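In: fold the following and give me the result.
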Amino acid sequence: MKMDLTGQLLVAMPGMGDPRFDHSVIFICSHDDEGAMGLIVNKPAADLKLGDVLDRLSDVDMDDVSGLGVHVGGPVETERGFVLHSAEYRSVMQTTDIADGVAMTATLDILEDIARGKGPRRAMLMLGYAGWAAGQLEAEIAQNGWLTCQGDSAILFDLPDARKWEAALTSIGVDPLGLSATAGRA
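Out: This is a model prediction of the structure:
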């Protein structure tokens with residue numbers, strides 16, 4: 001494998017052609033010879049909150065979670081939940097460290113811990129994920145579908161969703177207003 005994008009951000013280019021990923025910022029959770037998996041971090045699920053999800057899955061009291069939003073993590077397995085979070089939290093079931101200070105947990109106990117005030121300091125809940133077969137992501141990058149940049153926990157957790165795409169581009173010195181939907185070759 002030539003590149004490992006685990007822990008990096010993918011930033012959708014304007015001319016990518018897939019409306020599901022328009023202006024998306026995706027945090028890559030795993031990337032190897034078999035493919036890649038990532039979570040869209042800037043697409044909130046309309047009118048869905050963590051309390052709504054917990055109402056369906058658990059009997060834990062949801063008093064303190066009504067404000068935590070849910071994101072569309074991607075078009076694959078949209079009923080499956082993932083929590084991207086600060087790495088100080090460890091699930092008793094399974095937590096995967098992804099990058100410096102960022103981890104992912106996909107078990108119900110993290111949602112219950114968040115509801116009880118015992119979860120991670122910073123967290124985002126996603127339903128679904130984005131996935132690529134072997135070589136597919138590399139081909140999309142080569143076709144000018146994505147730019148890549150360093151995964152930045154401030155972009156992930158601190159910025160409003162509407163500012164993440166621009167912030168990710170700015171972090172690599174790209175002016176979003178100067179982007180074109182057509183690719184060129186030199």
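
In: pick out the residue nearest the middle of this structure.
Out: Centroid-nearest residue in the chain: residue 39, 2.9 Å away (criterion: CA atoms, centre = their mean).

In: ok, now how distant is the residue lying closest to that one once chain neighbours are set aside from residue 121?
Out: Closest residue to residue 39 apart from its sequence neighbours, by CB to CB, 6 or more residues apart in numbering: residue 73 at 4.3 Å. To be clear about C-beta, it is placed using only N, CA and C from the backbone, and glycine gets the same treatment. The gap separating residue 73 from residue 121 is 20 Å, by CB to CB, to the nearest Å.

In: equivalent analysis for residue 156, please.
Out: Here residue 156 is placed at a distance of 13 Å from residue 121 (CB to CB).

In: if we can go back for a sec, distance check, the residue nearest to residue 39 against residue 3.
Out: Taken as CB to CB, the span from residue 73 to residue 3 is 22 Å.

In: those two - which one has more neighbours?
Out: residue 73 (30 against 11; other CB atoms under 10 Å).

In: who touches that one in this structure?
Out: Taking CB atoms under 8 Å, 6 or more residues apart in numbering, we find residue 73 in contact with 39-40, 82, 126-130.

In: in TSV, list those residues along with secondary structure.
Out: Putting these into TSV (DSSP: H, G, I helix; E, B strand; the rest coil) gives the following:
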residue	secondary structure
39	strand
40	strand
82	strand
126	strand
127	strand
128	strand
129	strand
130	strand
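
In: which of those residues sit farthest apart?
Out: Maximum pairwise distance in those, criterion CB to CB, is 12.1 Å, between 127 and 130.

In: more crowded one of those two?
Out: residue 130 (24 against 19).

In: now the top helix by length along the chain: buried residues?
Out: Secondary structure of the chain read by DSSP state H shows that its longest helix is helix 161-171. Neighbour-count burial for helix 161-171 flags 164-169 (criterion: 16 or more other CB atoms under 10 Å).
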